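Peer 1: sequence? don't have it. structure:
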């Protein structure tokens, strides 16, 4: 099981890269074949830790040598990006993935996917997370509620920003949690549901933080949720639509994802509770048939694939919900609850689920 | 030319709907055929005002009667949604489009597009914008810079929120601009460019507001840009990628869009300047060939369609840039400038463009 560091000082990054570069230099000097040993990030090199309920990266590695026609390009790409990251770190800058790509599009076969992959490879080779490389990705999450943060010289409370809230910083690791008056985190898959929660002032009535990743959450949003859980000890509850995509999103908040398994320990919140909308909620809360949707071919295939994952197949309650969904071939959006009145979700559904601890 | 009101008090909305309902009631009572006269929102009912450089809705209307097999469903849908909007307004609530849909999915043929269209029809029938109906859409824009806003009891400055910034409120019309120290607005198409601008503290060095709509901008983001221009007199400059999609986005900030032409006067900023990345910038700023991309079939078709629009064909400089793009069949992302160094965009490109007034 490969564990990576989740924080790294600027100077440490610089010296790590220089150490790697010196080893390459020695290889060249002694007429050896300069080689990187890169942990494999492929989907068959992941380890699911059932006790911890987290997806980790396995121990398999592959070699990328300069004197090997099959790997010389990847070797060159790695060395080039290492030099760019080094230069940025020396200058105290961050980089975006796209900026790295544009340093030499031809070297990356004019495809940004190539350089993006190499960046992840470098992170895992150095045994750190991607943000440790000072490579930032755009963040689209929003946070509202009684949370005081400090970034640089700015100190602010996310409860004082009207109904818009704080746009989560892409540099989330450099944000300090100064104070947190909220008692739990409610993560919402989509921002349409967020509008209702905010209008009903759910975060004030229940003294919680509302966070949405607006669909598939980005790294910064997941990282903030994790930090609130670890540093502030806040319980985390997750609300999604009742479909395979929603379950997948909840699972990635909880356990991490396959593609970023090496960063899971730094992003996952295994104790997060899946509040709903659960397939079993549809009958329990009398969601009318007309407000339910037929699962598409894609939905069904996705659900069937998910059933194969050990973190679903070994989890009795997740499996049961997913099987129920597949049996009914029905899905539903959170707003289907609005049939019982637009405030049913905030006045009845969520409070009742929380009170009766009705989650999985 | 159909002009709509851009602000409406809650009580006015209620009485407008009641007036409409009473007319329908009288029709029924006198055995007339209850009918709505709905301005047509189709693309052949738009008027381009060349002098003002704004797209308006034309005067054509269609009738929706209850006793007409072709329109009775649409009539019923309109009346139903009017009653929902009325009820929400009486209770001081807002609604999302999706919540409206779920009040009766079967009435809308189980397709949210149907209810969304009816909502726009109601707005234009009442002669108001959609937000006036208290129907809110999700907002994904972000604002950073010296701008003090008030929403409800919260007063805050968008310069004090770290590098995340303020997530623009979906209820933007209820946000008050308290004070604005910034001197202009720089609108950025994508948030990847925003990260660079924020890291270089461009908004502090040049005392401006940075706003991104994260791709195709939502209504709230466009509305905020417009309000900053109208209420605070700030000049607006727009940065996009150099492709047909980027030009289209810039055009919708400037002149409004075809699909929401009735809201253009309330969203457009005709005096906004298109700073770049212009097709002519690619040579001017020596963007290397390797960092340019081939236009796809879709890009080319889109550009050719845009050339037919009067707001392009009658605008010499826009037309020239678009023709140059089509001649070269090349596009480029803003980050292509990073080839000259990651801070080239913030240190050289934007300042030089602003100083030499090199925009269209």
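Peer 2: Yes, it's here. What you see is a predicted model; the values in this text were computed from it and never measured.
Peer 1: Which parts of the stretch 251-360 of chain A are strands?
Peer 2: For the stretch 251-360 of chain A, the strands defined by DSSP state E, counting those that start in this stretch occupy A:273-276, A:293-294, A:330-331.
Peer 1: Residues of the stretch 1-150 of chain A that sit close to chain B?
Peer 2: For the stretch 1-150 of chain A, the residues in contact with chain B (C-beta under 8 Å from any C-beta of the partner chain) are A:88, A:93-96, A:98-99, A:101-106, A:110, A:136, A:138-140, A:142, A:149-150. For glycine as for every other residue, the C-beta is placed from the backbone atoms N, C-alpha and C.
Peer 1: helix/strand/coil for residue A:64?
Peer 2: The three-state label given to residue A:64 by DSSP: H, G, I helix; E, B strand; the rest coil is strand.
Peer 1: need the contact list for it.
Peer 2: Counting by C-beta atoms under 8 Å, 6 or more residues apart in numbering or on different chains, residue A:64 makes contact with A:35-38, A:71, A:74-75, A:78.
Peer 1: Was I right to think residue A:67 contacts residue A:33?
Peer 2: Yes: the pair residue A:67 / residue A:33 is scored as a contact, 4.5 Å apart, by C-beta atoms under 8 Å.
Peer 1: Tell me how far stretch A:103-120 lies from the chain's centre.
Peer 2: 22 Å (C-alpha atoms, centre = their mean, to the nearest Å).
Peer 1: Okay, buried residues for that stretch please.
Peer 2: A:103-105, A:107-108, A:112, A:114-116, A:118-120 (16 or more other C-beta atoms under 10 Å in any protein chain shown).
Peer 1: Could you do stretch A:263-280 as well?
Peer 2: A:263-270, A:272-280.
Peer 1: How is chain A partitioned into domains?
Peer 2: With domains defined by automatic domain parsing, chain A comprises A:10-136, A:182-208+A:228-355.
Peer 1: Please identify the deepest-packed of the ones you listed.
Peer 2: Mean neighbour count (mean count of other C-beta atoms under 10 Å in any protein chain shown) peaks for domain A:182-208+A:228-355 among these, with a mean of 19.
Peer 1: That domain vs chain B: in contact?
Peer 2: Yes: counting by C-beta under 8 Å from any C-beta, chain B has neighbours in domain A:182-208+A:228-355: A:190-192, A:194-196, A:199, A:290-291, A:293, A:333, A:335-339, A:342-343.
Peer 1: Could I get the average pLDDT for that domain?
Peer 2: In this model, domain A:182-208+A:228-355 carries a mean pLDDT of 94.
Peer 1: so how far is the first residue of it from its last?
Peer 2: End-to-end distance for domain A:182-208+A:228-355, by C-alpha to C-alpha, to the nearest Å: 17 Å.
Peer 1: For it, what is the distance to the chain centroid?
Peer 2: Taking C-alpha atoms, centre = their mean, one finds domain A:182-208+A:228-355 lying 15 Å from the centre of the chain it belongs to.
Peer 1: contacting residues around the nearest residue to residue A:324 once chain neighbours are set aside?
Peer 2: The shortest distance from residue A:324 to any non-neighbouring residue, by C-beta to C-beta, 6 or more residues apart in numbering or on different chains, is to residue A:279 (4.4 Å). Shown in contact with residue A:279 (C-beta under 8 Å, 6+ apart): A:242, A:321-322, A:324-325, A:328, A:330.
Peer 1: Relative to residue A:81, how far out is residue A:114?
Peer 2: 10 Å (C-beta to C-beta, to the nearest Å).
Peer 1: Sorry, wrong one. I was asking about residue A:340.
Peer 2: According to C-beta to C-beta, residue A:340 and residue A:81 sit 53 Å apart.
Peer 1: Also residue A:21?
Peer 2: Distance of residue A:21 to residue A:81, given as C-beta to C-beta: 12 Å.
Peer 1: mind listing what the closest residue to residue A:14 other than its chain neighbours touches?
Peer 2: Setting aside the residues directly before and after it, residue A:14 is nearest to residue A:89 in space (C-beta to C-beta, 6+ apart), at 5.1 Å. For residue A:89, the contacting residues are A:10, A:13-14, A:17, A:134, by C-beta under 8 Å, 6+ apart.
Peer 1: now with 6 Å?
Peer 2: Applying C-beta atoms under 6 Å, 6 or more residues apart in numbering or on different chains, we find residue A:89 in contact with A:10, A:13-14, A:134.
Peer 1: ok, residue A:147 - contacts?
Peer 2: For residue A:147, the contact set (C-beta under 6 Å, 6+ apart) comprises A:158, A:180, A:209.
Peer 1: Show the backbone phi and psi for the second one.
Peer 2: If I follow you right, that is residue A:180. Torsion angles at residue A:180 (phi, psi; degrees, to the nearest 10) stand at phi -140, psi 110.
Peer 1: count of residues packed around it?
Peer 2: Using other C-beta atoms under 10 Å in any protein chain shown as the criterion, residue A:180 is surrounded by 20 other residues.
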